[in-house]
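> I would like the atomic coordinates for the input below:
(chains A, B, C and D)
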2 protein chains.
Amino acid sequence: MVTSTSQDVAKKAGVSVATVSRVLNHSPHVSPNVQRKVLRAVKALNYQPNRSAQRLRAKRSHVIGIIISDIQNPFFTAVVRGIEDIAYKHGYSIVLCNSDEDADKEQLYINVMRAEAVAGVILASTSETNPHVHGLIAHHIPVVAIDRRIKDRQVDSVLVANAQGAFEAVTHLIELGHQRIGLIGLPPTRTPGVERYEGYQRALRERGLPVSRKYVCWGNAKLQGGHDCALQLLDLQPPITALFVANNLMTLGALSALRERQLQIPNQISIVGFDDMPWAPLLQPPLTVVAQPTYELGQQAAELLVDRLEHQEKPVARLQLQSNLIVRGSTGPVPISA
Amino acid sequence: MVTSTSQDVAKKAGVSVATVSRVLNHSPHVSPNVQRKVLRAVKALNYQPNRSAQRLRAKRSHVIGIIISDIQNPFFTAVVRGIEDIAYKHGYSIVLCNSDEDADKEQLYINVMRAEAVAGVILASTSETNPHVHGLIAHHIPVVAIDRRIKDRQVDSVLVANAQGAFEAVTHLIELGHQRIGLIGLPPTRTPGVERYEGYQRALRERGLPVSRKYVCWGNAKLQGGHDCALQLLDLQPPITALFVANNLMTLGALSALRERQLQIPNQISIVGFDDMPWAPLLQPPLTVVAQPTYELGQQAAELLVDRLEHQEKPVARLQLQSNLIVRGSTGPVPISA
DNA sequence: ACAGGGTCTGAAATCGTTTACAAATGTAAA
DNA sequence: TTTACATTTGTAAACGATTTCAGACCCTGT
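Purely as a prediction, here's the structure:
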């Protein structure tokens, strides 16, 4: 079997390649008769346009680039799935890149996107002031920022109401009587880290509680980071009675630290995680979390991008999705001893 | 900023485009002097070859296609990450597709791969006799099968020793005294489903235990499937005392079913899952599982593919990776009452 | 009958590379 | 000095699509 080209189709249908192209691109002014002939030839030869040639000539492409930090983070997994489903619906494929929060790797991949002439890019940027994206925008490759803000007035974005989510989580803890609440935070160099910290602070302040730096530990967004931060915060005197962990994998790490210390949840310490997971309700006790609409976030980003591709000049959209506090068993009243 | 082409570089360096191409492709017979000039121009203009043009002309591409069933399955997440890391090292990008075990969707994506002229495809096939892959092989696009065998002597493959893994898990249960062991299996239309069932049967047979169809339930590989199957198997009389679940998400579903029935693990029932997860040790009790080398599987597949791209005619490779039974707390002796 | 305007179709240029071929130059052997 | 041959470079033809331009054809109104 050999790939058939528009030439072959043209010959078989007894028309020119130009006509073949016109039929396939639904351009007007082509007689129903010819159209039928061409479509029959297309089917007979199982013809598929060579996308490289299309891209080269028409500068049109059916690929969406995604740059995230790590597909192994369940948050991004769900986001990517949301993107893919919408992309599929509109006939796009996705090329996926993991930046690992490394600006150089991100830069490289942005260059790849340009070289591959993707239609658009959905990006969880490694920083809010991202100089690399200009390379895309200058080439009229639209960018949609997800999860992390990009300080550029030209990019659409879909973010989560991080501050509000953190605020609700910490307020929940305060209402249970907790006063010394540890935060295992994300590095404050990106939106989620900044905003979740803000929410944490605001909740304490509104209830007249002191905000102390010693209750805060910045982790590396991985399991290990949560584990190490938890151990550090557990050593404080007087001891903390509750823990708010700003990311899913770090919550896992914190939980294993709590288990090592043989602390009873929630009798001796309460814990709230950020981002819900399928296994969260199955833990003992079930985990209280701030759920994020991850799958929807991906969908919205993809919709926004596809829409932008079809309407170059539409106004910039900035979506903010609401989070949702799900109270399960890992949060309870302050220990009597404290 | 406008994209610069090889023309621009040629002009700036005072040479022809052919020479530019030669320098960039490390072809021999180019004087060091000219080489230096070209490289300087490349850097000055921040030139990046247009990959569509390259692909069109040279039929060479820097993209690897991945078709899996669902990126939200943690198994595939790890596999994809393994692939990506190796691909990155060799200068390839990846385009990712979810087939959702739907043969039509798979077919469509295989066509996309062909149209996109990817360098090669890594495929978790929806069936062992996959007619669609011929469309790729006929076009000399190499295919590497992962997780599921493809009955075609031309494809490299990386599989897991499923039967052995299941055998060890069930033998472990038998040695604890269990005699009525339920299996929540994967559909026996694909390799993991078939082989894990084989291992289950062989373990029972070798210990002289009866193999009964009523102890087996085929789930849909999702949470829901595990949940429904568990409920069904728990209704049997006399009751089963142990459960072997052939997939990670179904294990989660089964666990929630056990919780609904308020069954104590492992006092009232033992459970073994297939595929280890970061949260498995954090469950109460920690989950006994058959761990698969998921990340390595992805790496091996990518290595195999890259190797094949560089050595067209090398002999077909079939790798089988070992699994590893990790005994934690969810398996214990048979309940006294039973 | 003819000009004017629309509809349909094809020839040829084009996108940015790679590569076959030829030309130019240099070097060594006769 | 001439010849033979290797090395280096350039010219131009691909690759397979889209798109501009112009020509052919068919109406319609004068």
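> grab the nearest non-local neighbour of the residue in the stretch 151-300 of chain A that DNA strand D sits nearest to.
Proximity of the stretch 151-300 of chain A to DNA strand D (Cβ to the nearest atom of the strand) peaks at residue A:154, 24.0 Å away. In short, each C-beta sits where N, CA and C put it, glycine included. Distance criterion Cβ to Cβ, 6 or more residues apart in numbering or on different chains; nearest residue to residue A:154, sequence neighbours excluded, is residue A:137 at 5.6 Å.
> number of nearby residues for the residue of the stretch 151-300 of chain A closest to DNA strand D?
11 (other Cβ atoms under 10 Å in any protein chain shown).
> quick one: the helices in the stretch 101-250 of chain A?
Secondary structure of the stretch 101-250 of chain A (DSSP state H, counting those that start in this stretch): helices at A:103-116, A:133-137, A:162-175, A:191-206, A:223-234, A:248-260.
> what would those look like in JSON lines with mean neighbour count, mean pLDDT and distance to residue A:88?
Output for the helices of the stretch 101-250 of chain A, formatted as JSON lines (neighbours: other Cβ atoms under 10 Å in any protein chain shown; pLDDT from 0 to 100; distance: least, Cβ to Cβ, whole Å):
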{"stretch": "helix A:103-116", "mean neighbour count": "19", "mean pLDDT": "95", "distance to residue A:88": "19"}
{"stretch": "helix A:133-137", "mean neighbour count": "18", "mean pLDDT": "90", "distance to residue A:88": "23"}
{"stretch": "helix A:162-175", "mean neighbour count": "22", "mean pLDDT": "98", "distance to residue A:88": "29"}
{"stretch": "helix A:191-206", "mean neighbour count": "21", "mean pLDDT": "97", "distance to residue A:88": "28"}
{"stretch": "helix A:223-234", "mean neighbour count": "21", "mean pLDDT": "96", "distance to residue A:88": "32"}
{"stretch": "helix A:248-260", "mean neighbour count": "23", "mean pLDDT": "95", "distance to residue A:88": "26"}
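> can you give me how far stretch A:316-335 is from the chain middle?
With Cα atoms, centre = their mean, to the nearest Å as the basis, stretch A:316-335 stands 17 Å off its chain's centre.
> the closest residue to chain B within the stretch 151-300 of chain A and residue B:279, how far apart?
Relative to chain B, the nearest point of the stretch 151-300 of chain A is residue A:284 (3.5 Å; Cβ to the nearest Cβ). Distance from residue A:284 to residue B:279, counting by Cβ to Cβ, to the nearest Å: 12 Å.
> what lies in contact with the helix or strand of chain A at the bottom of the mean pLDDT ranking?
In chain A, the helix or strand scored least confidently by mean pLDDT, DSSP states H and E is helix A:133-137, which has a mean of 90. Helix A:133-137 is contacted by residues A:110-111, A:113-114, A:121, A:123, A:125, A:142-143, A:150, A:152, A:154-155, B:1 when judged by Cβ atoms under 8 Å, 6 or more residues apart in numbering or on different chains.
> closest to DNA strand C out of these?
residue A:114 (10.8 Å).
> returning to that earlier point: more neighbours: residue A:284 and residue B:279, which one.
residue B:279 (26 against 13).
> quick one, phi/psi of that one?
When read as degrees, to the nearest 10, the backbone of residue B:279 gives phi -90, psi -10.
> picking up where we left off before, and the contacts of helix A:133-137 as a markdown table, adding distance to residue B:83?
Converted to a markdown table, those look like this (distance: Cβ to Cβ, whole Å):
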| residue | distance to residue B:83 |
| --- | --- |
| A:110 | 21 |
| A:111 | 21 |
| A:113 | 19 |
| A:114 | 23 |
| A:121 | 21 |
| A:123 | 21 |
| A:125 | 24 |
| A:142 | 27 |
| A:143 | 25 |
| A:150 | 28 |
| A:152 | 32 |
| A:154 | 33 |
| A:155 | 29 |
| B:1 | 33 |
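> what's the closest of the helices of the stretch 101-250 of chain A to DNA strand C?
Across those, DNA strand C has its closest neighbour in helix A:103-116 (8.3 Å, Cβ to the nearest atom of the strand).
> and the angle for that closest one with helix B:103-116?
80 degrees (axes from the mean of the first three to the mean of the last three Cα atoms, to 10 degrees).
> elements contacting helix A:103-116?
strand A:63-68, strand A:93-98, helix A:133-137, helix B:51-58, strand B:93-98 (3 or more Cβ pairs under 8 Å, 6 or more residues apart in numbering or on different chains; DSSP states H and E).
> so which of those comes closest to DNA strand D?
Counting by Cβ to the nearest atom of the strand, DNA strand D lies closest to helix B:51-58 out of these; the figure is 3.2 Å.
> hang on, the earlier thing: closest to residue A:226 among the contacts of helix A:133-137?
residue A:125 (22.9 Å; Cβ to Cβ).
> for that closest one, list the residues it contacts.
A:106, A:133, A:145, A:148-150, A:190.
> these: which two are farthest apart?
Farthest apart among the contacts of residue A:125 by Cβ to Cβ are A:106 and A:149. That separation is 15.4 Å.
> now tell me which of the helices and strands packed on helix A:103-116 the model trusts least on average.
Lowest mean pLDDT of these: helix A:133-137, a mean of 90.
> so chain A: which segments form each domain?
A:1-47, A:162-292 (automatic domain parsing).
> just confirm yes or no for the shortest one near DNA strand D.
Yes. Where contact is defined by Cβ under 7 Å from any atom of the strand, part of domain A:1-47 touches DNA strand D, namely A:3, A:5-7, A:17-18, A:20-22, A:24-25, A:47.
> show me where pLDDT drops low in chain A?
Chain A contains residues with pLDDT under 70 at A:1-2, A:337-338.
> which bits of it sit near DNA strand C?
A:14-19, A:22, A:28-31, A:33-34, A:53, A:56-57.
> nearest to residue A:171, of the residues you listed?
Using Cβ to Cβ, residue A:56 is the member of the residues of chain A next to DNA strand C that lies nearest residue A:171, at 56.0 Å.
> nice, that's everything, thank you.
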